[in-house]
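[1] Below is the sequence, then the predicted model.
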Amino acid sequence: MTDAVETFRRVLVPLDFRVAEPADEGHPAVLAFEVDGQAMAMAPGTERALEFAAALARKTTAALSLVHVVPPLADSPMYHGPVPLPAGLIQEVRDRAMQRAMQLIHLIRDRLCPDLSVDAIVRPGLPREVLLEEARRQAADLIVMAASSRGRLVRFVVGSTTDHLIREAPCPVVVIPPE
């Protein structure tokens, strides 16, 4: 093993979740986790990125930081129409989403990484900004993430978190194909 690989101390892994489809629950390739009676799964590619990061951590004794970013609902135009949602309700929804995400990260950690040093991080904000802040704050040696499964046109128009991190991250970024 090269010296560069042996020096990994902290690997940051962004996690993206989705509601598990009914077919997912019986499909062996999809890991479903139940949180508050809701079946949740990692987004396509995220499971593979976590498996890669965990294997690397086992070989290098690196610690993993599993990070999920809860998007800012208050900034979305969907919540400011003719009948806007009260700020307290938006905050309650965000707080609940953050609690569920933390529960889910703990389930994922316990099932997929029980033998590793793992930090669970859930923060509100824009994914590209939060992930860059976490990479800098933790002095991450590597970011391992899934490629966006969005099409080229959408990525061109709105950009992608992956593209942004590749350009701006303070450390190397390994991108795992979504499928």
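    Looks like it came in fine.
[2] how much space between residue 132 and residue 164?
    Separation of residue 132 from residue 164 (CB to CB, to the nearest Å): 8 Å. Where you see a C-beta, it was placed from the backbone N, CA and C, and this is true even at glycine.
[3] Next, the buried residues of stretch 97-116.
    Going by neighbour count (16 or more other CB atoms under 10 Å), the buried part of stretch 97-116 is 97-98, 100-101, 103-105, 108-109, 112-113, 116.
[4] Looking at this structure, which helix is longest?
    helix 87-112 (DSSP state H).
[5] in this protein, which helix or strand is least confident?
    helix 152-158 (a mean of 45; mean pLDDT, DSSP states H and E).
[6] ranges for the helices of the chain?
    Under the criterion DSSP H, the chain contains helices at 3-6, 22-26, 46-60, 87-112, 127-137, 152-158, 161-168.
[7] so which of the ones you listed comes closest to residue 33?
    Nearest of those to residue 33, taken as CB to CB: helix 87-112 at 4.6 Å.
[8] and the closest one, what does it pack onto?
    strand 32-35, strand 38-42, helix 46-60, strand 63-70, strand 118-124 (3 or more CB pairs under 8 Å, 6 or more residues apart in numbering; DSSP states H and E).
[9] Pipe the ones you listed into TSV and attach distance to residue 91, mean neighbour count and mean pLDDT per row.
    Below are those laid out as TSV (distance: least, CB to CB, whole Å; neighbours: other CB atoms under 10 Å; pLDDT from 0 to 100):
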stretch	distance to residue 91	mean neighbour count	mean pLDDT
strand 32-35	20	16	81
strand 38-42	21	18	82
helix 46-60	27	19	94
strand 63-70	12	22	95
strand 118-124	10	18	95
